[in-house]
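A.B. asks: Below are the sequence and a predicted model for it; my questions follow.
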Amino acid sequence: MIDKLREIFFSQAALTAYQACPLKFRYRYLDDLGWLRTLQDADRQTERLLGEQFHLLAQRYFQQVDLAALRKGIPPGPLTAWFDNLERHFPLDSSVTYYSEQEIRINDGGTKLIAKYDLLAVYPDGRMIIYDWKTPAKRLSKTLRTLQGKIYPILLCAAEHFGPPRPEMITMVFWNPRFPDEKQLWAYHERLYFEDRDEIYAMIAAILKKPYRDFCGIKPEDGSLPPKGCGYCEYRQLCYGTDGQKTGFNTVVAPESFFCWDDIEEIRYEEA
């Protein structure tokens with residue numbers, strides 16, 4: 001298991017899973033139980049499928065696929081309005097180079113990181129904007145930067161994929177086509193780069209030192225309810241069994257709380 005742990009390229013989803021519950025991380029990344037994620041309720045599957053379809057539309061749009069043909073292939077439903085919002089808010093600029101669904105990974109002395117960027121926009125003056133598309137029926141929260149907001153810029157700096165960038169030339173933008181007039185924008189600078197790098201590298205170092213048996217979850221005391229996040233975890237039955245009355249999982253969970261989008265792997269699909 002230790003050898004397997006050292007083979008992992010850590011994504012924001014992997015590190016978020018570890019922060020939420022080391023046992024969840026173990027199930028998914030060490031025990032190869034990722035397939036359980038496909039056994040989700042219908043509401044969550046529908047939302048995930050919509051997100052995947054929008055990501056594919058956005059990819060083809062920035063690859064400058066013929067718009068008429070692109071629109072013709074949009075299935076009935078909300079995707080038409082989402083695509084209209086994308087085209088209106090992000091008109092193509094011939095001076096900008098777009099890298100859609102760009103994957104970057106590094107191995108920095110055994111510290112392995114990976115990210116798949118929904119869109120990288122590289123400007124002639126060296127500016128780079130990282131765009132990340134969010135599609136839940138929930139407005140972007142104005143919170144502190146998430147792990148994703150830290151990992152994506154530091155990986156872009158460390159990889160030097162487009163030459164040695166200055167951190168202050170990088171901006172990260174989160175955008176949801178459901179709420180097109182709202183953006184969450186994070187400017188970057190050198191101090192943040194070093195702070196984020198130290199934090200992420202230290203977290204990975206701690207994980208790599210952890211024995212397999214120490215990847216433990218947090219179970220409630222007898223008679224109490226499980227932690228909130230357990231109610232929509234795909235591994236809940238492995239921890240608590242199937243007795244909803246006993247575990248408290250019979251509690252209704254609002255659809256918008258099904259998702260922790262930082263805990264979802266970068267969307268992957270085969271290009272048609």
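C.D. replies: Received, thanks.

A.B. asks: For the rest of this, base every contact and every neighbour count on C-alpha atoms.
C.D. replies: Will do.

A.B. asks: got any ranges where the chain has weak pLDDT?
C.D. replies: Within the chain, the ranges that satisfy pLDDT under 70 run 1-2, 37-43, 218-226, 228, 242-272.

A.B. asks: switch the cut-off to 80
C.D. replies: For the chain, residues meeting the criterion pLDDT under 80 lie at 1-3, 34-45, 141-144, 161-165, 218-229, 231-232, 240-272.

A.B. asks: Would you state the helices of it in chain order?
C.D. replies: 2-7, 12-20, 22-25, 42-62, 67-72, 79-89, 147-159, 190-209, 236-240, 244-247 (DSSP state H).

A.B. asks: Quickly compare the ones you listed and say which is most buried.
C.D. replies: With neighbours taken as mean count of other CA atoms under 10 Å, the helices of the chain reach their highest mean count in helix 22-25, at a mean of 22.

A.B. asks: in stretch 130-140, what's buried?
C.D. replies: Across stretch 130-140, burial judged by 16 or more other CA atoms under 10 Å covers 130-136, 140.

A.B. asks: ugh, wrong one, I meant stretch 173-183
C.D. replies: 173-179.

A.B. asks: same check, this time on stretch 87-106
C.D. replies: Buried residues in stretch 87-106 (16+ other CA under 10 Å): 97-101, 104-106.

A.B. asks: Tell me how far stretch 131-148 lies from the chain's centre.
C.D. replies: 10 Å (CA atoms, centre = their mean, to the nearest Å).

A.B. asks: Quick one: end-to-end distance for that stretch.
C.D. replies: The first residue of stretch 131-148 is 12 Å away from its last residue (CA to CA, to the nearest Å).

A.B. asks: Can I get the buried residues of stretch 173-183 in JSON lines including distance to K116?
C.D. replies: Putting the buried residues of stretch 173-183 into JSON lines (distance: CA to CA, whole Å) gives the following:
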{"residue": "V173", "distance to K116": "15"}
{"residue": "F174", "distance to K116": "14"}
{"residue": "W175", "distance to K116": "16"}
{"residue": "N176", "distance to K116": "18"}
{"residue": "P177", "distance to K116": "19"}
{"residue": "R178", "distance to K116": "22"}
{"residue": "F179", "distance to K116": "23"}
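
A.B. asks: just to revisit the earlier point, mind checking which of the helices of the chain is nearest E168?
C.D. replies: Among those, the nearest to E168 by CA to CA is helix 190-209 (6.5 Å).

A.B. asks: As CSV, the buried residues of stretch 87-106 with distance to E234 would be great.
C.D. replies: Output for these, formatted as CSV (distance: CA to CA, whole Å):
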residue, distance to E234
T97, 39
Y98, 35
Y99, 32
S100, 30
E101, 26
I104, 28
R105, 27
I106, 29
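
A.B. asks: These in strands, which ones?
C.D. replies: For the buried residues of stretch 87-106, the ones inside strands are 97-101, 104-106, with DSSP state E as the criterion.

A.B. asks: What's the local residue count around T146?
C.D. replies: Neighbour count for T146, taken as other CA atoms under 10 Å: 11.

A.B. asks: Next, count neighbours for N107.
C.D. replies: 12.
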